[in-house]
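Engineer: Next come a sequence and a model predicted from it.
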Amino acid sequence: MSRHQKHKTGTDTAALSSVRNIGIAAHVDAGKTTLTERMLYYTGASHKIGEVHDGAAHMDWMAEEQEHGITITAAVTKALWRNHQLQVVDTPGHVDFTIEVERSMRVLDGVILVLDGVRGVEPQTETVWRQRSHFGLPTLFFVNKLDRPGADYARSLEAIRTRLGATPVALTAPLIDGSLGAQVEDERAVVHLLRRTLIRFEGEQGERVNETPCPDALWARFDALHEALLLAAAEVDESLADQVLSGIEPDSDLVLAALRRGTLEGRIFPCLAGSALRDIGVQPLLDAVVDLLPAPLDRPAAEARLPEGDTEEVVLGPKGPFAALVFKVQLWDGRRHCFARVYRNRLGPGDKVAFLSADGRTVTEQVARIFDTDAGRKQRLDVAEPGQIVLLAGLRYAGTGDTLCDPGHLLSLEGIEARRPVLSLAIEPGAGTDEERLLEALDKVIQEDPTLAVAEDPDTGQRLLRGMGELHLQIVLERLQREFGVAVRSGRPAVAARESIGRESTASVVYSRPPSPDGKHPELTAGARVQVQPAPRGAGNALVLAPELLPEGAELSPAQEQALRQGLAQGLAAGPLQAAPVEDVRAVLERVELFGQQSSPDALAAAAARALGKALAEAEPCRLEPVMRVELVVPDDNLGAVLGDLQQRQARILGTDSVDGAATIGCEVPLKRLLGYATELRSLTQGRGQFSMQFVRFDVAAGA
């Protein structure tokens, strides 16, 4: 038995049932961090509210976050509400930092999705929704900023239904909202649709909650939403259906239990209304987190893969060999730390853990210290319990997505998929910075962020820093200067390229290498015929070995077959135009010629790669570039100018909409046409326009 299994066992099930691991996610500028600040203040976890616009938000602790006024890194904190421990992760909204959302979702049990009450469902909302759906996380919606002109709660609910394909169920509704006809000016209040109460938020910062029965005259405006809530509960619990259809008001506890069940099953999505900045509606949201979102034990067991290929269920709790997932690496006080969620058993300082590396090796390390975290602060722990998210020091090699295990029982939990970089900067050491210091600092930053990469341009020999967008790369350069004292000179951003083909082609090659004069390297000879066909955009590559590969009676050894597959993969790694990776191609190895012992695995790999390269060169090769889906919000007065500019940027307009003087434009634009676009859009709209973008696919470049 390893040391970490000797820690006191028997985690109290009741204690785990009072834990909520939740994330807060949204499109950029929907108000996630402002909401988190209120949650921490009302729960007593912080003694003052820090505002994002003042650079004083508790959760935005990085200097770059305070300077830019946005969340860049997911921050973890804890709060206590109604004797329940809330473990809260505030995630970034900007698409450049979507890896932070992805890896946070991987270890959470539930999520609060924040919507802007004016703009409703936005592009990054849809991205976050897909991430949430991938992990099957129960979700609450908080429709924020409903105090702003043009806010519309009913329209936001409809957008959830139509754009996300979800079933929204309003649990609270706002008073200040044009869509419901209620205009109680300066009233900080919401109506609770289940309890039929009016909840006022009093005091300087809305800290006092005054809940009274909702007056009949006011309730009449919300009766339809109340009925919709009861019908949604009846869909989940048939025992409520007769009462609801008969017009009998069911017991609110039974309705709440049905809503919880429907939320955990992903059948319904409770929605709450408010304005975090004006201190409206946050406490009912905290109640809903406790009442409706899952405890760790409510989630399905995690499935793990064993080294021999079998699978095993990892049930969260104190029993069984230790298992935890590293979901983030972060430099803290200049030292490497790992954020991990514990799934099974306990972990103490000094314990040894093991994990399987990407190449299948077993790596064993020792945990030096364990910390609890509160945004940018940490506090030592004696033991990490099942269900906890903790910070581990002392692990030199474990990285994002690695499963920490009992050394005697290796397994791998589902990992974390990192997106490929689409934009690159040419970089070199600045004044006073040597090459070695730059490479060392880059290595540390890349360990933190799997969406960053460093490569060398084969044509120019320049070092390229690759990332998800201009802001992403800008933040990295700022961090290199501030944290590591490394000055960097950078060139104009360059867009990542790919290659593909325009037609079918077949090519044959006989590869031959004479023996070396010293006799150390024997003669190699092998032949291959490869056919290539274009595949639909986004389909990826397919490598196929035809059944009639060899003459009748001939056979390939496993090593030879593996070599042929590696040769095809090698042929797709560099295309004929710019040596860029090839995408959306179906490559069929139709025939192989063997020449006895001369057709070694190396000879076969070389023949397959060269035949594929020749076929690609004859198949009308074309250059691909990243295409981004862009959503813009601009004043109606500037719509014509913005559309004209987009057309010059080769944009494909998908649709426009106008609400309350603001036009929304959806379009697809080549990424290279968007470099520096933020400055141009500000100029076209006198600073009032905004846009967001996300990668869609690689497609044929204009003029290719």
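Structural biologist: Received it, and whenever you're ready, just let me know what you need.
Engineer: Any stretches of the chain with poor pLDDT?
Structural biologist: 1-14, 48-74, 93-97, 177-186, 375, 458-461, 519, 660, 702-704 (pLDDT under 70).
Engineer: Which residue ranges of the stretch 451-600 of the chain form helices?
Structural biologist: With DSSP state H, counting those that start in this stretch, the ranges of helices along the stretch 451-600 of the chain come out as 470-484, 558-573.
Engineer: so which of those helices gets nearest Q205?
Structural biologist: Taking CB to CB as the criterion, Q205 comes closest to helix 470-484 out of these, the separation being 31.3 Å. C-beta coordinates here come from the backbone N, C-alpha and C atoms, glycine included.
Engineer: Would you mind finding the most buried of the helices of the stretch 451-600 of the chain?
Structural biologist: Of the helices of the stretch 451-600 of the chain, the one with the most neighbours on average (mean count of other CB atoms under 10 Å) is helix 470-484, at a mean of 19.
Engineer: sorry, back to before: dump the helices of the stretch 451-600 of the chain into JSON lines; add distance to E312 as well.
Structural biologist: Putting the helices of the stretch 451-600 of the chain into JSON lines (distance: least, CB to CB, whole Å) gives the following:
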{"stretch": "helix 470-484", "distance to E312": "37"}
{"stretch": "helix 558-573", "distance to E312": "28"}
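Engineer: quick one, which of those helices is nearest to S658?
Structural biologist: S658 lies closest, by CB to CB, to one member of these: helix 470-484, at 27.9 Å.
Engineer: other SSEs contacting the closest one?
Structural biologist: Here helix 470-484 is seen to pack against helix 63-68, strand 423-429, helix 435-448, strand 463-467, strand 488-490 when contacts are counted using 3 or more CB pairs under 8 Å, 6 or more residues apart in numbering; DSSP states H and E.
Engineer: so how far is it off the chain centroid?
Structural biologist: The chain centroid and the centroid of helix 470-484 are separated by 20 Å, computed with CA atoms, centre = their mean, to the nearest Å.
Engineer: Number the chain from 525, please
Structural biologist: Got it, the first residue is 525 from now on, which makes the last one we talked about helix 994-1008.
Engineer: could you give the angle of that helix to helix 959-972?
Structural biologist: Using axes from the mean of the first three to the mean of the last three CA atoms, to 10 degrees, one finds that helix 994-1008 and helix 959-972 are set 120 degrees apart in direction.
Engineer: CA atoms only: put helix 994-1008 into CSV for me.
Structural biologist: Provided in CSV are the C-alpha atoms of helix 994-1008 (Å, rounded to 0.1, in the frame of the first residue of the first chain):
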residue,chain,number,x,y,z
GLU,A,994,-3.4,38.5,-31.3
LEU,A,995,-4.4,39.1,-27.7
HIS,A,996,-3.2,35.7,-26.7
LEU,A,997,0.3,36.4,-28.1
GLN,A,998,0.3,39.9,-26.7
ILE,A,999,-0.3,38.7,-23.2
VAL,A,1000,2.5,36.1,-23.6
LEU,A,1001,5.0,38.8,-24.6
GLU,A,1002,3.9,40.9,-21.6
ARG,A,1003,4.3,38.0,-19.2
LEU,A,1004,7.8,37.2,-20.6
GLN,A,1005,8.8,40.8,-19.8
ARG,A,1006,7.1,41.1,-16.4
GLU,A,1007,7.6,37.7,-14.9
PHE,A,1008,10.9,36.6,-16.4
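Engineer: coming back round to it: which among the helices of the stretch 975-1124 of the chain is found nearest to Y565?
Structural biologist: helix 994-1008 (27.7 Å).
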